[in-house]
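Visitor: need a structure here:
(one chain, ligands or ions: 1)
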Amino acid sequence: MNPTRRRFLGHAALQVAAASSMSAFGLNVAAAGATDLSRDQRFDPSLAKPAMPLGQLAQQGRLPAVVIGTGYGGAVAALRLAQAGVPVVMLEMGRLWTQPAADGRIFAKTTAADGRAMWFKSRTEAPISSFLGLDVINRNIDRYAGVLDRVNFPGISVYVGRGVGGGSLVNGSMAVTPRRDYFEEILPEVDASEMYQRWFPLANAVLGVNHVDPAWFESSAAYRFARVARDQARQSGFKTMFVPTVYDVNHLAKEELNLAPRSALAQEVIYGNHHGKRSLDKTYLADAVGTGRVTIYTLQQVRRIRVGPQGGYLLDVREIDERGNVLAEVQIGCQSLFMGAGSLGTSELLVKARETGDLPQLNEEVGRGWGHNGNVMAARANHLWSPTGKLQSTMPLMGIDDWAHPSRPVFAEITPLPTGFENWVSMYLGVTKNPERATFRFDAATGRVGLDWRREQNAKSVQDLRALLDVINRRQGTVYRTDLFGGGKVVADDFTYHPLGGCLLGRATDTFGRLKGCPGLYVVDGSLIPGSVGVNPFVTITALAERNLARVIEQDRLGT
Ligand SMILES: Cc1cc2nc3c(=O)[nH]c(=O)nc-3n(C[C@H](O)[C@H](O)[C@H](O)COP(=O)(O)OP(=O)(O)OC[C@H]3O[C@@H](n4cnc5c(N)ncnc54)[C@H](O)[C@@H]3O)c2cc1C
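Guide: Numbers count the residues shown, from 1 in each chain. Next up is the predicted model:
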């Protein structure tokens, strides 16, 4: 089957599954064989094949391969295993986000959020919590299996996506390949030549990474905010660069002309985009389902992993409904297990398995080396004569590149503050080089896994972003906004979008993600990366998973 057809069929199956409220589905290969690509078959109900309930499947014996999580790492694993002929079951704790609810919307409205916005919270917990010091951003919502989670540890809160597509459903689409010298510094055991010649280009191609037309960028009202911040950065002696994106830049241009429905230009991002974004359900996962060998089970949370009675692995899985009611508790056996639950999810499951004696052979490196990619945010107040525009696209396309600085490397993305009215704000998401790391620890009393990151560990990140922005403020005669992050704070140092590490490549695993001491158990997600990558991480997570899976498929006897 050619790749376009496979993606088309997989995408169609994902649409139909949601329309029919299926919680477990794959591609109906017989129906797909009969489809005619020249007609729009997108809602052909025969395309999605309802799968048998997990409990029933479990009774049929050990599965060849299970992937936990449907984010970047999990999606790459599922696609490449299936292409190698291995049937794959994916278990995802979130829901499928491809069909509108009764109000005609798939996702919640950013400005009037409801339960769809957040993962079982009674109130939204947005990163920018106030405006002019007023608590006008967050609102009470129904507890529901929403798309964005904020996991609150004592020292830091971590934002993650929940649903088929993981973080791709809620992220800002910035698709940046890291600088080669920094990649070599953080992952010296990986052949950088191979990464930059083969795996990064492959990941970029399948993810659909594209680049804005500079001429359009100069003329777009929706990017005035970025041009203002860019010009000020340049006047202050800093270099700037365009940031590649997985948001369709042609769609973006059409949005501005009202020739396409607005999404990036309608304040949509952290609670999901209705249009324009090439999230994983439209790329890797569509390709994976399109092979006919991948079945996705949604609203299934893996809670425990141990060795199976005849080898392989045994998983305890809890099925819930969208309101959080427990529908079933199932045990499922598999021969090979791919951990794609993200830095938090994978580390939590494995630390718990080691500490409770379920997988005592996991080494002491499991749980270590967690970092937040040096994430901190800040905002400046511009003069009245430097308006940033009342229409602001949610998709950043420009960054200040000061990574070459000898003592305080910073990559500061110019991010919007799309309030819908003129606010004169320049906002930045700083990616800094912070050597501090944290460890996931099991608490026997509560049975929970915590993260021991302390707020003080953020001091260098705060200082480094401020050092850069202080120069711009001095040059422009401007000041910081202190009303956006709560408590009069200048730099938001209490949350991250970029959790990385916990099962580092070459330490907890071998140099291809095989967990040491556990044959058939693999890590494929952001937990492999040692806490920092210097740019937004999803392209690196994807490319590394491509590299590792190629080796594992070539060398390990999977599905036999
Ligand atoms: C608001 C926001 C904006 C961001 N912007 C960008 C950006 O512009 N560019 C960029 O590169 N990165 C960005 N990121 C980060 C990026 O999305 C993540 O780095 C990436 O998604 C991590 O990929 P992953 O494969 O490690 O795991 P994830 O994408 O997190 O996927 C893990 C999946 O596993 C599921 N899961 C977890 N535990 C279990 C379990 N026990 N059982 C079953 N399923 C489970 C989760 O629900 C999730 O779907 C952003 C993140 C957020 C939250």
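
Visitor: avg pLDDT for the helix or strand that contains Cys334?
Guide: With elements taken from DSSP states H and E, the one containing Cys334 is strand 326-339. Summarised as a single mean, pLDDT over strand 326-339 is 96.

Visitor: just checking, what packs against the next helix or strand after that strand?
Guide: Per DSSP H and E, strand 326-339 leads on to helix 342-355 as the next helix or strand towards the C-terminus. With contacts defined as 3 or more CB pairs under 8 Å, 6 or more residues apart in numbering; DSSP states H and E, helix 342-355 has these neighbours: strand 63-68, strand 157-161, strand 300-307, strand 326-339, strand 440-443, strand 448-451. Where C-beta positions appear, they are placed from N, C-alpha and C, glycine not excepted.

Visitor: Could you check the angle the strand holding Cys334 makes with strand 300-307?
Guide: Using axes from the mean of the first three to the mean of the last three CA atoms, to 10 degrees, one finds that strand 326-339 and strand 300-307 are set 60 degrees apart in direction.

Visitor: Which residues belonging to strand 326-339 are considered buried?
Guide: Taking 16 or more other CB atoms under 10 Å as the neighbour-count basis, strand 326-339 is seen to contain the buried residues Val330, Ile332, Gly333, Cys334, Gln335, Ser336, Leu337, Phe338, Met339.

Visitor: ok, and which of these reach the ligand?
Guide: With CB under 6 Å from any ligand atom as the criterion, the subset of the buried residues of strand 326-339 in contact with the ligand is empty.

Visitor: Name the nearest of the residues you listed relative to Thr4.
Guide: Minimum separation from Thr4 among the buried residues of strand 326-339 (CB to CB) is found for Phe338, which lies at 26.3 Å.

Visitor: right, and the closest one touches Leu515 too?
Guide: No: the pair Phe338 / Leu515 is not scored as a contact, 10.6 Å apart, by CB atoms under 8 Å.

Visitor: Find residues that contact each of these two.
Guide: Counting by CB atoms under 8 Å, 6 or more residues apart in numbering, the contacts common to Phe338 and Leu515 are Tyr522.

Visitor: Now for the residue nearest the centre of the chain: which residues touch it?
Guide: Note on the chain: the residue nearest the mean C-alpha position is Gly167, at 2.3 Å, using CA atoms, centre = their mean. Taking CB under 8 Å, 6+ apart as the criterion, Gly167 is in contact with Gly71, Tyr72, Val160, Gly161, Gly342, Phe538.

Visitor: what's near enough to touch the fifth one?
Guide: Taking CB under 8 Å, 6+ apart as the criterion, Gly342 is in contact with Gly69, Gly71, Gly73, Val160, Gly166, Gly167, Pro499, Asp525, Gly526, Ser527.

Visitor: For the nearest residue to the second one once chain neighbours are set aside, give its distance to Arg95.
Guide: With sequence-adjacent residues excluded and distances taken as CB to CB, 6 or more residues apart in numbering, Gly71 is closest to Gly166, at 2.5 Å. For Gly166, the distance to Arg95 (CB to CB, to the nearest Å) stands at 12 Å.

Visitor: got a list of what the nearest residue to Met118 once chain neighbours are set aside touches?
Guide: With CB to CB, 6+ apart as the measure, Gly146 is the residue that lies nearest to Met118, at 4.2 Å, once sequence neighbours are left out. For Gly146, the contact set (CB under 8 Å, 6+ apart) comprises Ala108, Gly115, Arg116, Ala117, Met118, Trp119, Phe120, Lys121, Arg162, Tyr271.

Visitor: Mind putting those into JSON lines with secondary structure, pLDDT and neighbour count?
Guide: Supplementary listing: those in JSON lines, determined by DSSP: H, G, I helix; E, B strand; the rest coil; pLDDT from 0 to 100; neighbours: other CB atoms under 10 Å:
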{"residue": "Ala108", "secondary structure": "coil", "pLDDT": "96", "neighbour count": "24"}
{"residue": "Gly115", "secondary structure": "helix", "pLDDT": "97", "neighbour count": "19"}
{"residue": "Arg116", "secondary structure": "helix", "pLDDT": "98", "neighbour count": "25"}
{"residue": "Ala117", "secondary structure": "helix", "pLDDT": "97", "neighbour count": "26"}
{"residue": "Met118", "secondary structure": "strand", "pLDDT": "98", "neighbour count": "28"}
{"residue": "Trp119", "secondary structure": "strand", "pLDDT": "98", "neighbour count": "21"}
{"residue": "Phe120", "secondary structure": "coil", "pLDDT": "98", "neighbour count": "15"}
{"residue": "Lys121", "secondary structure": "coil", "pLDDT": "98", "neighbour count": "20"}
{"residue": "Arg162", "secondary structure": "coil", "pLDDT": "98", "neighbour count": "27"}
{"residue": "Tyr271", "secondary structure": "coil", "pLDDT": "97", "neighbour count": "22"}
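
Visitor: May I see those residues arranged in TSV, with distance to Arg448 as well?
Guide: Output for the contacts of Gly146, formatted as TSV (distance: CB to CB, whole Å):
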residue	distance to Arg448
Ala108	28
Gly115	25
Arg116	27
Ala117	25
Met118	20
Trp119	17
Phe120	16
Lys121	18
Arg162	18
Tyr271	27
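
Visitor: Just the closest of those residues to Gly369, please.
Guide: Arg162 (24.1 Å).

Visitor: follow-up on the earlier one: near the ligand, list only the ones from the contacts of Gly167.
Guide: Those of the contacts of Gly167 which are also neighbours of the ligand are Gly71, Tyr72, Val160, Gly161, Gly342, Phe538, as judged by CB under 6 Å from any ligand atom.

Visitor: Quick check: buried residues in stretch 98-115?
Guide: Residues of stretch 98-115 classed as buried under the neighbour-count rule (16+ other CB under 10 Å) are Thr98, Ile106, Phe107, Ala108, Thr110, Ala113, Asp114, Gly115.

Visitor: Would you agree the last one is in contact with Arg139?
Guide: The reference is to Gly115. No: contact criterion CB under 8 Å: Gly115 and Arg139 do not qualify, at 11.2 Å.

Visitor: List the neighbours of the lowest-mean-pLDDT helix or strand in the chain that are in contact with it.
Guide: Among the helices and strands of the chain, helix 29-33 carries the lowest confidence by mean pLDDT, DSSP states H and E, at a mean of 77. Taking CB under 8 Å, 6+ apart as the criterion, the residues outside helix 29-33 that touch it are Leu9, Ala13, Asp44, Ser46, Leu47, Lys49, Gly290, Gly292.

Visitor: For burial, what's the neighbour tally of the closest residue in space to the last one that isn't next to it in sequence?
Guide: Distance criterion CB to CB, 6+ apart; nearest residue to Gly292, sequence neighbours excluded, is Val29 at 4.0 Å. Around Val29 sit 16 other residues, with neighbours defined as other CB atoms under 10 Å.

Visitor: again with Gly73
Guide: A count of nearby residues for Gly73, using other CB under 10 Å, gives 35.

Visitor: so it makes contact with Tyr522?
Guide: No: applying CB under 8 Å as the test, Gly73 and Tyr522 come out as separate, 9.6 Å apart.

Visitor: anything in contact with each of these two?
Guide: Between them, Gly73 and Tyr522 share the neighbouring residues Phe338, with contact defined by CB under 8 Å, 6+ apart.
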